[in-house]
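Asks: How does the following fold in three dimensions:
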Amino acid sequence: MTILVTGATGRVGRQLIQELLNEGHRLRALTRNPALAKFPSEVEVFAGDLSDPATLAPALRGVTALHLITTGAGYIPLTTGDEIIRMAEKAGVKRVTILWDGRKGTIEQAVEASDLEWTQLQPVDFMSNVSSWKESIQTEGVVRDLFGDSLQASVHEGDVGRVAAAALTRDGHAGKTYSLTGPEVLTVPQKVDILSKVIGKDIRFVQLTEAEERARMAKMGVEEEIIDYVINWHKHPPVEAYTVNFTVEQVTGTPARTFTDWAREHAGYFAGESSG
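Replies: Numbers count the residues shown, from 1 in each chain. Next up, the predicted model:
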């Protein structure tokens, strides 16, 4: 089995590659910038962009399983789903996992209409989203956020990678859509408190206005359409976003990790001791 991971340098992509390497699979990684990928030598790295499906052809040759993301540069939803799925089928791909971006798009529509064995992965919120707090924690001991009261059952990106690895390499997951959560529901202030205890530094939470949050996200380079979507999602989250499920454990045989686990793994990042 040769497995191609797209979005390979992303938060789930890297975790998935490590899971598959640990299991001894032949791996290919697709990224827009191979020079910055820094993968182990066992991983074949290909340059490609899902927004330009023709660039996928070399990476797809001989591939039997494929992990797809659903956004391109700037987190813009892909409009190239039909072409990507046709190319995958023609190349001989049999099994596909799809990591959604919160909305059903052209990748999901195309794969559902195909003969591929597909599994859709729907993490409700990533624990790693709090990485954007790094600078203000280091320089001011402050976290600023609009969504102080928002309840989230955030999931560890490594657990999403473990579920993806299982779906790509084991039977029984075809045609399934998995909503993925962590084992607890937390507010932003509760996450701040956990981080504060883990890194041993007082961190204060400051509630932002919507205008301030929009300005913060725009400064990060987020497109206005995506800003609107994120803010509206947090204002009116689906019940799945704050309802714990046990899909991670059911699929992988191991419980989902807690936010405390995540914070301990990344303590140096917030304390300024490492880059990630």
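
Asks: what about the strands in the chain?
Replies: For the chain, applying DSSP state E gives strands covering 2-5, 26-31, 43-47, 65-69, 95-99, 117-123, 142-145, 176-180, 204-207.

Asks: TSV for those strands, including distance to residue 186 and mean neighbour count?
Replies: To be clear about C-beta, it is placed using only N, CA and C from the backbone, and glycine gets the same treatment. Formatted as TSV, these follow (distance: least, Cβ to Cβ, whole Å; neighbours: other Cβ atoms under 10 Å):
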stretch	distance to residue 186	mean neighbour count
strand 2-5	29	26
strand 26-31	32	23
strand 43-47	34	18
strand 65-69	26	26
strand 95-99	22	25
strand 117-123	15	23
strand 142-145	13	20
strand 176-180	16	18
strand 204-207	13	15
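
Asks: got CSV for these, with distance to residue 76 and mean pLDDT too?
Replies: Shown next, in CSV, are these (distance: least, Cβ to Cβ, whole Å; pLDDT from 0 to 100):
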stretch, distance to residue 76, mean pLDDT
strand 2-5, 20, 98
strand 26-31, 17, 96
strand 43-47, 19, 97
strand 65-69, 12, 98
strand 95-99, 15, 98
strand 117-123, 19, 98
strand 142-145, 24, 94
strand 176-180, 23, 98
strand 204-207, 29, 95
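
Asks: And the contacts of the least confident helix or strand in the chain by mean pLDDT?
Replies: Within the chain, judged by mean pLDDT, DSSP states H and E, the helix or strand with the poorest mean is helix 224-235; its value is a mean of 87. With contact meaning Cβ atoms under 8 Å, 6 or more residues apart in numbering, helix 224-235 is reached by 74-76, 102-103, 146-147, 150, 210, 213-214, 217-218, 222, 241.

Asks: So which of those residues are in helices?
Replies: Secondary structure from DSSP state H places 210, 213, 214, 217, 218 of those in helices.

Asks: Can you turn the buried part of those into a ChimeraX selection?
Replies: To isolate the buried ones among the ones in helices among the contacts of helix 224-235 in ChimeraX, judged by 16 or more other Cβ atoms under 10 Å, type:
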select :213,214,217
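
Asks: Quick check: residue 139 vs residue 60, distance?
Replies: From residue 139 across to residue 60, the span is 45 Å (Cβ to Cβ, to the nearest Å).

Asks: the more surrounded of the two?
Replies: residue 60 (22 against 9; other Cβ atoms under 10 Å).

Asks: which residues touch that one?
Replies: Applying Cβ under 8 Å, 6+ apart to residue 60 gives the contacts 4, 66, 87, 88, 91, 93.

Asks: still on that earlier bit, turn the strands of the chain into TSV, including distance to residue 198.
Replies: Output for those, formatted as TSV (distance: least, Cβ to Cβ, whole Å):
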stretch	distance to residue 198
strand 2-5	30
strand 26-31	31
strand 43-47	31
strand 65-69	30
strand 95-99	27
strand 117-123	22
strand 142-145	14
strand 176-180	23
strand 204-207	15
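
Asks: closest to residue 132 out of those strands?
Replies: strand 142-145 (9.1 Å; Cβ to Cβ).

Asks: Please identify the pairing partners of that closest one and their relative orientation?
Replies: Here strand 142-145 has these sheet partners by DSSP bridges: strand 204-207 (parallel).
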